[in-house]
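Q: Pasted the sequence and its predicted model underneath.
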Amino acid sequence: MSLPAKPLPRLLNSNSRTAIYAITRPHVRAISSSPITTSRSSSRVAPSASSSTSPSIRSFSSGTTRRYATEAKFDPDSVERAQDEVDVCIVGGGPAGLSAAIRLKQLEQERGGDEIRVVVLEKGGEVGAHILSGAVIETRALDELIPDWKELGAPLNQQATSDSMRFLTQTASFPLPHPPQMNNKGNYIISLSRFTAWLAEQAEALGVEVYPGFAGAKVLYTEDGKGVKGVVTGDVGLDKDGQPKDSYEPGMEFHAKVTLIAEGAHGSLSKEVQKKFNLRDGVDPQTYGLGIKEVWKVRDEVYEPGKVVHTLGWPLDYKTYGGSWLYHMEDNMVSLGLVVGLDYQNPYLSPYKEFQRMKHHPFFANILKDGQCIAYGARALNEGGLQSIPKLNFPGGALIGCSAGFLNVPKIKGTHNAMKSGMLAAESAFAAISSSAPASDTETNTEAVPTDMSSYAKAVENSWIHKELKEVRNLRPSFHNPLGLWGGLAYSGLDSMILKGRIPWTFRNKVEDFEATKKASEVKPIEYPAPDGKLSFDILTSVSMTGTNHAENQPVHLRLPEEAGARERHTQANVAEYAGLLGRVCPAAVYEYADAEGSEVDAEGKKFVINSQNCIHCKTCSIKTPTQDIKWTVPEGGGGPKYTIT
């Protein structure tokens with residue numbers, strides 16, 4: 001299906017995005033941070049083919065630059081920003097966000113009445129560019145959302161044909177009983193990146209405004225600070241010191257009746273609203289895993305389309321939670337990867353190098369021999385389960401998808417739950433908007449009361465999402481025991497196959513992942529073999545396969561606290577006590593503790609280096625850093641990986 005004529009997202013670039021938007025949306029006003037004072041317009045005038053090069057756009061950019069170039073110190077909070085008023089603003093163009101958008105437009109068509117204006121902001125340069133998963137998808141939510149998805153050409157082309165689970169030692173593998181949650185009959189092996197791009201097509205066809213390259217950078221709060229009224233997109237054209245370049249364009253304000261946060265696991269806005277509204281009170285800490293993935297083209301003689309295999313054991317030790325997958329996709333491709341629980345203890349462990357040496361196991365090596373690695377990627381994923389899901393709603397909006405944490409860890413699936421959560425949030429938002437009083441009196445600048453989305457939380461609790469997660473709530477935390485892997489296997493086997501969650505107790509996730517890390521003095525270093533360039537690769541070679549790119553000379557989006565001495569304190573603690581853990585846990589070589597001399601030394605004879613241009617937005621650093629002083633923020637919209645088949 002081809003995309004409808006919708007030139008705006010296709011014409012946006014880092015020099016003219018805001019200007020184009022302002023020209024093509026007559027109701028958008030370039031005003032300061034005061035409340036909107038104009039009535040809403042439903043006008044949507046498409047730009048002409050020459051819009052992106054018109055003199056008015058150039059003067060918009062240069063005028064903005066001239067206005068701030070004389071300032072001694074640039075303050076982005078003082079910038080005049082274009083504002084737009086929408087019904088629902090969705091931050092994140094993944095399966096959850098797009099499912100919410102599609103469902104909203106379906107409800108608009110089903111029930112008639114006024115048009116519901118829905119905007120999806122996606123930080124990736126294209127929808128799907130930042131999406132990565134295994135992935136085997138259960139179609140339950142898709143069947144509900146788009147029953148005729150096959151006729152519409154959804155890229156679900158390889159049905160799962162077999163399931164198996166194996167335990168690996170260093171040189172051998174043994175079959176394990178297959179838990180019922182991992183039964184993949186009727187499921188499909190897919191590229192989640194491609195599937196998400198297809199969902200965006202369906203959303204746009206229904207009238208959803210999807211804007212790739214627009215990163216949700218800041219939450220907008222009501223004047224009293226008690227509710228959310230929208231988001232601000234990231235500024236474009238700031239240099240590394242935060243000063244405007246010639247290409248500077250301020251981000252836009254999107255004011256919404258409902259704001260849905262769908263950033264994925266450990267997103268920056270998700271963290272902010274959870275802290276602001278105490279959404280984590282009374283729930284367990286969220287725990288995470290790091291998933292590292294490659295896609296290979298393999299020989300005909302080893303290719304078994306539809307085959308699904310999961311493993312436990314080697315290369316991880318019994319104290320480290322994790323496991324691998326091998327999925328035979330379409331067109332002689334296989335997806336393989338390793339998930340390492342980020343509650344691992346040894347700071348010398350490198351998830352990337354564990355994955356690289358794993359491929360030399362005979363089970364994998366026999367399949368990959370003479371094949372070609374064509375893609376690489378990595379992403380943090382939620383593992384906390386039901387007991388770690390925060391309160392889902394806040395005044396003016398809600399958390400959906402992996403921003404809330406609906407991954408079913410034993411099933412190794414979360415897309416169906418993410419999509420369903422988006423659909424339920426859409427239904428609650430539509431009902432709230434449809435029944436709300438008319439907009440506030442613009443003459444008195446009185447803000448409307450933030451939309452109450454509590455019905456969404458109740459809907460999730462009454463849905464199959466909650467039932468599914470409740471049944472498996474104890475399986476992942478059962479591995480937090482003195483016997484590690486062995487104790488977890490014994491309990492989870494009993495619970496998944498016999499008890500099926502029908503027990504009165506719930507195991508707790510008691511500590512954050514970073515708190516599980518031991519000091520370097522308490523453990524033994526791990527020696528990893530050098531990559532051979534055939535089955536295993538150095539990390540920079542892998543990063544080059546992600547297509548990652550960030551605009552040069554922009555503010556570093558991986559930040560230490562700004563106060564004096566922060567870099568020195570970070571380096572001292574992380575090098576002396578944890579042997580430079582960040583240089584190992586990051587799957588993209590973003591962090592280095594490089595040897596240094598003289599004034600370049602931060603501490604311990606090392607200089608802390610952040611290679612932010614390598615960042616593939618996995619969020620692992622801010623999860624696992626022992627000192628918890630790395631803050632992940634969004635870079636310029638469009639920056640980051642460019643996944644296509646992951």
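A: Alright, I've got the coordinates.
Q: Tell me where the stretch 1-150 of the chain is predicted with low confidence.
A: By pLDDT under 70, the weakly predicted segments of the stretch 1-150 of the chain are 1-72.
Q: show me where it has strands.
A: 29-31, 81-91, 118-122, 136-137 (DSSP state E, counting those that start in this stretch).
Q: for the stretch 451-600 of the chain, same thing?
A: Under DSSP E, counting those that start in this stretch, the stretch 451-600 of the chain gives strands at 558-559, 591-595.
Q: average model confidence for the shortest one?
A: The average of the pLDDT scores along strand 558-559 is 96.
Q: Repeat that for the longest one.
A: Averaged over strand 591-595, pLDDT sits at 97.
Q: tell me which residues in that strand are buried?
A: Residues of strand 591-595 classed as buried by neighbour count (16 or more other C-beta atoms under 10 Å): Tyr591, Glu592, Tyr593. Placement of C-beta: from N, CA and C, glycine included.
Q: Distance check, the closest residue to the second one other than its chain neighbours against Tyr456.
A: Leaving aside its chain neighbours, Glu592 sits nearest to Val609 (4.2 Å; criterion: C-beta to C-beta, 6 or more residues apart in numbering). As judged by C-beta to C-beta, to the nearest Å, Val609 and Tyr456 stand 43 Å apart.
Q: more crowded one of these two?
A: Using other C-beta atoms under 10 Å as the criterion, Val609 and Tyr456 rank with Tyr456 on top: 26 against 14.
Q: Could you tell me which residues make contact with the more buried one?
A: By C-beta atoms under 8 Å, 6 or more residues apart in numbering, the residues touching Tyr456 are Leu392, Asn393, Ala398, Leu424, Ala425, Glu427, Ser428, Ala429.
Q: His255 versus that one, what's the distance?
A: Distance of Tyr456 to His255, computed by C-beta to C-beta: 20 Å.
Q: who touches stretch 507-524?
A: By C-beta under 8 Å, 6+ apart, stretch 507-524 touches 284-288, 341-348, 384-385, 387-388, 473-474, 477-478, 480, 577-579, 581, 623-626, 628.
Q: so which of the contacts of Tyr456 is the most crowded?
A: The residue in the contacts of Tyr456 with the most neighbours, by other C-beta under 10 Å, is Ala425 (36 neighbours).
Q: Could you report the separation of it from Val460?
A: Where Val460 is concerned, Ala425 sits at a distance of 9 Å (C-beta to C-beta).
Q: Next, count neighbours for Lys271.
A: The number of residues packed near Lys271 is 19, by other C-beta under 10 Å.
Q: hang on, the earlier thing: out of the strands of the stretch 1-150 of the chain, which is closest to Pro155?
A: Closest of the strands of the stretch 1-150 of the chain to Pro155 is strand 136-137, at 10.5 Å (criterion: C-beta to C-beta).
Q: tell me what that closest one is packed against?
A: strand 188-189 (3 or more C-beta pairs under 8 Å, 6 or more residues apart in numbering; DSSP states H and E).
Q: Give me the helices and strands touching the helix or strand just after the strand it packs on, please.
A: Helices and strands here follow DSSP states H and E; after strand 188-189, the next one along the chain is helix 192-205. If contacts are counted by 3+ C-beta pairs under 8 Å, 6+ apart, helix 192-205 sits against helix 95-111, strand 209-212.
Q: quick one: the closest residue to Arg559 other than its chain neighbours from Val219, how far?
A: Nearest residue to Arg559, sequence neighbours excluded (C-beta to C-beta, 6+ apart): Lys631, at 4.7 Å. From Lys631 across to Val219, the span is 15 Å (C-beta to C-beta).
Q: more neighbours, these two?
A: Val219 (22 against 15).
Q: ok, residues contacting stretch 138-146?
A: 99, 102-103, 149, 152, 154, 156, 186-188, 202, 411, 413, 415-417, 419-420, 423, 464.
Q: so who does the closest residue to Ile102 other than its chain neighbours touch?
A: Nearest non-adjacent residue to Ile102, counting by C-beta to C-beta, 6+ apart: Ala203, 5.1 Å away. Listed by C-beta under 8 Å, 6+ apart, the contact set of Ala203 reads Leu98, Ala101, Ile102, Lys105, Val120, Val210.
Q: Let me see the confidence value for the residue nearest to Pro351 when sequence neighbours are not counted.
A: With C-beta to C-beta, 6+ apart as the criterion, Pro351 has its nearest non-adjacent residue at 4.2 Å, and that residue is Val340. With respect to pLDDT, Val340 scores 98.
Q: so who does Val340 touch?
A: Applying C-beta under 8 Å, 6+ apart, we find Val340 in contact with Gly289, Leu290, Ile292, Leu316, Thr320, Tyr321, Gly322, Leu349, Pro351, Glu354.
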